[in-house]
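In: here's my sequence, what's the structure:
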Amino acid sequence: MELLFGLALLVAAIVVARLAARGILRRGEEPRTKKLPRLQAELPKVGNPGSATSAQLSQLKNSGLPDLDWKALSDKQATILIDSVHYIETVWARDFGGRAGGLPADTLEAAVSAILNQESYCERVVTWEEGYYETGEKVVPDDACHVAVTNVLKGVPL
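Out: So this is what the prediction gives:
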């Protein structure tokens, strides 16, 4: 009886020791964080994550941008991305004679990144888009945002 009790305690001690060892080993590991796509990491932290509408998400998925964590996008972030793509395609068509959807994905991503890296450029493309819908004119002012996007697009063959 005492022998059986001693064996049970020994088995319990071994199980507890193994579980403790696993926990100690796991603490030494770096926590695994989900790496966001580059563009998403550059987006301003505005709006409520996950609030992008299905219409916005559909438009973004068809825009030629690389995959993003669609469920984490806020409606404001989606607006910035959609407006940026429209702005870039307008500059591409107007200044370079390119056709809509004719930009290589890596160039589109680089041009959007150029916009996202400057808060004032993000504001610029959103206000430009609002004015575009009010007037219907494709006027793109020759400002710093335009120059940054043009510099990215210069290397793209027509």
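In: secondary structure element for the residue nearest the centre of the chain?
Out: Averaging the C-alpha coordinates of the chain gives a centre point, and the residue nearest to it by Cα atoms, centre = their mean is Q40 (1.7 Å). Counting by DSSP states H and E, the element that carries Q40 is helix 38-42.
In: what helices and strands are in contact with that helix?
Out: Secondary structure elements in contact with helix 38-42, counted by 3 or more Cβ pairs under 8 Å, 6 or more residues apart in numbering; DSSP states H and E, are helix 105-116. In this view, the C-beta of every residue, glycine as well, is placed from N, C-alpha and C.
In: how about the helix it packs on: buried residues?
Out: Under the neighbour-count criterion of 16 or more other Cβ atoms under 10 Å, helix 105-116 has T107, L108, E109, A110, A111, V112, A114, I115, L116 buried.
In: and what of stretch 116-123?
Out: In terms of neighbour count (16+ other Cβ under 10 Å), stretch 116-123 has its buried residues at L116, Y121, C122.
In: which ones are touching Q59?
Out: By Cβ atoms under 8 Å, 6 or more residues apart in numbering, Q59 lies in contact with I82.
In: returning to that earlier point: can you lay out the buried residues of stretch 116-123 as a markdown table showing pLDDT and distance to T53?
Out: Below are these laid out as a markdown table (pLDDT from 0 to 100; distance: Cβ to Cβ, whole Å):
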| residue | pLDDT | distance to T53 |
| --- | --- | --- |
| L116 | 94 | 20 |
| Y121 | 94 | 24 |
| C122 | 93 | 19 |
